[in-house]
Structure formats: structure tokens, C-alpha cells
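In: I need the structure of the sequence given here:
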Amino acid sequence: MAWGKKAGVDDLLQKLTNPKTAKSLYVMSTRSISDSDFFKSLGVDGATAIAELLKTNQSLTTVSLSRNQIGDEGLEKLAMGLSENAQSGVKVLNVTEVGISGTGLDHLAMLVEKESCSLSTIQLSFNALESATSTFFDALAKNKSVTKLQLKECKLNDQHVAALSAALKQNTALIEIDLADNELTQSSCASLAEGLRENKTLKILRINNNKSQDEGAVLLADVLATNNTTLTYLDMGNNGLTSVGMTPLLKAQSLTQLHLFNNKLGEGLSDLLPALVANSVIETFGIGANQLHETLSVTMLDALHSHPSLKTLEMGGNTLGKEGHEALDKLKEANRGLDVAVDKNAQNEDGSFQQ
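Out: Prediction:
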């Protein structure tokens, strides 16, 4: 019997009312038996049943409904249940890949806008939210509980990020936002820059696998260099960046972790290196899959023998070749505090190196 049918829901309710199991609820698709129900183990009926309990339950801290197709109606029921419980203890709501649309996100605003909202983490990734209005983001502006917001691969566009960025100007709670794998351009970076200009709490921002380009990176770098000293972690991997966009980011003195995997640095390394060497705060630098093959990898590694702050250098996806591995050995000897991550398959099984 799969979740969402009467026996499954009854079993779920019984677990929620048992003090031994009521602290954390994980309703995963693996609880279903048949393949046809694999992603449908908890439906709207199941979500409705949970919502009824959420109206009064004070001990539950985590509700994870990932990969259960509760849809917009199911999420609305959950939001209503939590909204009616001023003493709710739920901190984490995971509704990743649950078949909601922008309508579902709008429904969630009724909970987020309440002063009694207890949520600290909202996971919404892998839902098609392109039809969402600004309602949810408007509600975030004054929310004081949500610190982590995950919106990875949600078909969000520049207009959505403009609404989120407007909220960032007022929000004093958010610490981490994930906007990876959406449809964001340099316009989103312009909006985020305006939001970050006034925001004083956000520390982690992931916008990898978008279309920011150099122009977007420069816009963010400008505000980080002049107006924002809070953001410490930025991921702009796979955004079509060259040295033109990367170099200014290295001048942002608040960033201790900068991830730029799968961009287009290549020969632009000569322009970027002076900024990297001069940066005395960066601890993790991800520059994997950036066309730094062989000779260019040697140039990178040779420049870091005495870097004052760098602890982790991610170089995977760049073929070092024989000379690159020799340079890596020298770097390890000269800078024992630096961990360099490279592809294991850059070296052939017979001990030779890829050329």
C-alpha cells in the first residue's frame, strides 16, 4: 500500500502522534511499493492529513515531502495548517520536486508573511515556478525566520529575481539563497546587486548554471567591493565568464569562497593572476574546467607557492599533463597548507599523463 491511500495515511498519522517519531517526518518516495507509485506515494489527500496535524503539533521540527506529488493544492493545505499554528515548531519544509507551479509558491506567502512563521529552511528546488507572481517574494521582505531558501532549477527568470532582490533590501534574516540552474541573465545580477547594496545578512549566494556573462559578474563585483561586506560565498560556475568578469570578483574583500567552475578563463589567466595573488582573504577558489590545460596550469600553480590565505584550490577538469603534475608536486612542497583538487583521470593507469 502506497502513501496517500488510506492505510498509508493512517500509518503516517500514527507516527506523527507518537512522541518517538514526531520529531522529524521524512515521507520519501521509497516508501511506495509499486513502480507506478514511485513519485506519487503521498498525494493531496496525504498532504491534507498532514496539514490537519500541523495545525496543533508543537514537537515536529522537519517536514520533508521531497518527490511526492502533492501539487499546488497539497502545498496550500500545508501552508494553511502551519499558518493556523502559532506554536508550530517546524523549522524545515522540504517540498523539492513535488509538482507545484507558481500558484503553489504564491500559496506559501500566506505562511511566510505571518509573524508566527517558524520556518528557517524552505527547499523548493526542481519545481516549475515560472508562473509565480511576486507574492511570495514580497512576503519575504519582512519575514524574520527564514534563513535558507533553495530555488534550484525552478525555471525562474529575471523578473522573479527582481522581486526577490527587492525583498533583500528589507530582509534581515536570509543567510543563504540558491538560484542555480534557472534562466537568469545579467539583468538578474543587476537586481541582485541592488539588493545586496542594502542587505546586511546574506552570506551565501549560488547562481551557477545561468547566463550572467561577464557583465553580470562585474555588476556584482562592483557592489561587493564598495557596499557589501557580508557575502562570503559566491558560486558563478557555468555563466560564460572570462577574465573580464572573474578578475573584479577577486577584488571583493568579503568573499572567502569563490566558485567559478566551467567558465572560459583560458589565456585570460594572465589578467586574473595578479588579483588572485594580491587577494589576502580568499580561502577556497574553484577554477575547474576553465581551459587551464598543461602550460596554463603550470602558470597557475607556480604563482601560489606563498599565497597568504588560500586553503583549497579546485582544478578538476583542467588537464595538467606531465609538467602540470610536476608543478603540482612543487606547490605541495612549497605551500603545505594548500589543498589542490585535480582530476584523478588526468593521469593514465600506466603512470603516464594525458597530453
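
In: need the strands for this structure, in chain order.
Out: For the chain, the strands defined by DSSP state E occupy 24-26, 62-64, 92-94, 121-123, 148-150, 176-178, 204-206, 233-235, 257-259, 284-286, 312-314, 339-341.

In: tabulate those strands in a markdown table, adding columns for distance to Leu276, mean pLDDT and mean neighbour count.
Out: In short, each C-beta sits where N, CA and C put it, glycine included. Below are the strands of the chain laid out as a markdown table (distance: least, CB to CB, whole Å; pLDDT from 0 to 100; neighbours: other CB atoms under 10 Å):
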| stretch | distance to Leu276 | mean pLDDT | mean neighbour count |
| --- | --- | --- | --- |
| strand 24-26 | 42 | 55 | 15 |
| strand 62-64 | 40 | 92 | 19 |
| strand 92-94 | 37 | 96 | 21 |
| strand 121-123 | 33 | 98 | 21 |
| strand 148-150 | 30 | 99 | 20 |
| strand 176-178 | 25 | 99 | 19 |
| strand 204-206 | 20 | 99 | 19 |
| strand 233-235 | 15 | 99 | 21 |
| strand 257-259 | 9 | 99 | 19 |
| strand 284-286 | 7 | 99 | 21 |
| strand 312-314 | 10 | 99 | 19 |
| strand 339-341 | 14 | 98 | 14 |
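
In: in TSV, list these along with distance to Leu108.
Out: TSV is the format used below for the strands of the chain (distance: least, CB to CB, whole Å):
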stretch	distance to Leu108
strand 24-26	18
strand 62-64	13
strand 92-94	9
strand 121-123	7
strand 148-150	11
strand 176-178	16
strand 204-206	20
strand 233-235	25
strand 257-259	29
strand 284-286	32
strand 312-314	35
strand 339-341	38
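
In: how long is stretch 249-264 end to end?
Out: Using CA to CA, to the nearest Å, one end of stretch 249-264 lies 15 Å from the other.

In: what does that stretch contact?
Out: 208, 217, 220-221, 224-225, 228-242, 246, 272, 275-276, 279, 281-291, 309, 314, 317 (CB atoms under 8 Å, 6 or more residues apart in numbering).

In: 7 Å instead, please
Out: Residues outside stretch 249-264 that contact it (CB atoms under 7 Å, 6 or more residues apart in numbering): 208, 217, 221, 224-225, 228-242, 246, 272, 275-276, 279, 281-291, 317.

In: if any of those are buried, put those into a ChimeraX selection.
Out: Only the buried entries of these go into this ChimeraX selection, using 16 or more other CB atoms under 10 Å:
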select :208,217,221,224,225,228,231,232,233,234,235,236,237,238,239,240,241,242,246,272,275,276,279,282,284,285,286,287,288,289,290,291,317
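
In: now, the contacts of stretch 249-264 that are in helices?
Out: When those are checked against helices (DSSP state H), the matches are 217, 221, 224-225, 246, 272, 275-276.

In: helices of the stretch 101-250 of the chain, start to end?
Out: In the stretch 101-250 of the chain, the helices defined using DSSP state H, counting those that start in this stretch lie at 102-112, 135-140, 158-168, 186-198, 213-226, 243-249.

In: chain center to the third one, what's the gap?
Out: Taking CA atoms, centre = their mean, to the nearest Å, one finds the center of helix 158-168 at 16 Å from the center of the full chain.

In: okay, that helix in PDB with CA atoms only?
Out: Written as PDB, here are the backbone C-alpha positions of helix 158-168 (Å, rounded to 0.1, in the frame of the first residue of the first chain):
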ATOM      1  CA  ASP A 158      14.900  37.900 -14.300                       C
ATOM      2  CA  GLN A 159      11.500  39.200 -13.200                       C
ATOM      3  CA  HIS A 160      11.400  36.800 -10.300                       C
ATOM      4  CA  VAL A 161      14.900  37.700  -9.200                       C
ATOM      5  CA  ALA A 162      14.000  41.400  -9.400                       C
ATOM      6  CA  ALA A 163      11.200  40.700  -6.900                       C
ATOM      7  CA  LEU A 164      13.500  38.600  -4.700                       C
ATOM      8  CA  SER A 165      16.100  41.300  -4.800                       C
ATOM      9  CA  ALA A 166      13.600  44.000  -3.800                       C
ATOM     10  CA  ALA A 167      12.800  41.800  -0.700                       C
ATOM     11  CA  LEU A 168      16.500  41.600   0.100                       C
END
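
In: averaged pLDDT, it. What do you get?
Out: In this model, helix 158-168 has a mean pLDDT of 99.

In: determine the set of other helices and strands touching it.
Out: Contacts defined by 3 or more CB pairs under 7 Å, 6 or more residues apart in numbering; DSSP states H and E place helix 158-168 against helix 135-140, helix 186-198.

In: check which residues of it are buried.
Out: For helix 158-168, by 16+ other CB under 10 Å, it's 158, 160-168.

In: please apply the same query to the fourth one.
Out: Within helix 186-198, the residues that qualify as buried by neighbour count (16+ other CB under 10 Å) are 186-197.

In: that older thread, turn the helices of the stretch 101-250 of the chain into a markdown table, including distance to Leu53.
Out: Formatted as a markdown table, those follow (distance: least, CB to CB, whole Å):
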| stretch | distance to Leu53 |
| --- | --- |
| helix 102-112 | 16 |
| helix 135-140 | 24 |
| helix 158-168 | 30 |
| helix 186-198 | 37 |
| helix 213-226 | 43 |
| helix 243-249 | 47 |
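
In: from memory Leu273 sits against Leu304, does it?
Out: No: using CB atoms under 7 Å as the test, Leu273 is too far from Leu304 to be in contact (9.3 Å).

In: who touches the closest residue to Thr103 other than its chain neighbours in this structure?
Out: Take Thr103 and drop its neighbours on the chain: the residue closest to it by CB to CB, 6 or more residues apart in numbering is Asp72, 4.6 Å away. By CB under 7 Å, 6+ apart, the contact list for Asp72 reads 100-101, 103-104, 107.
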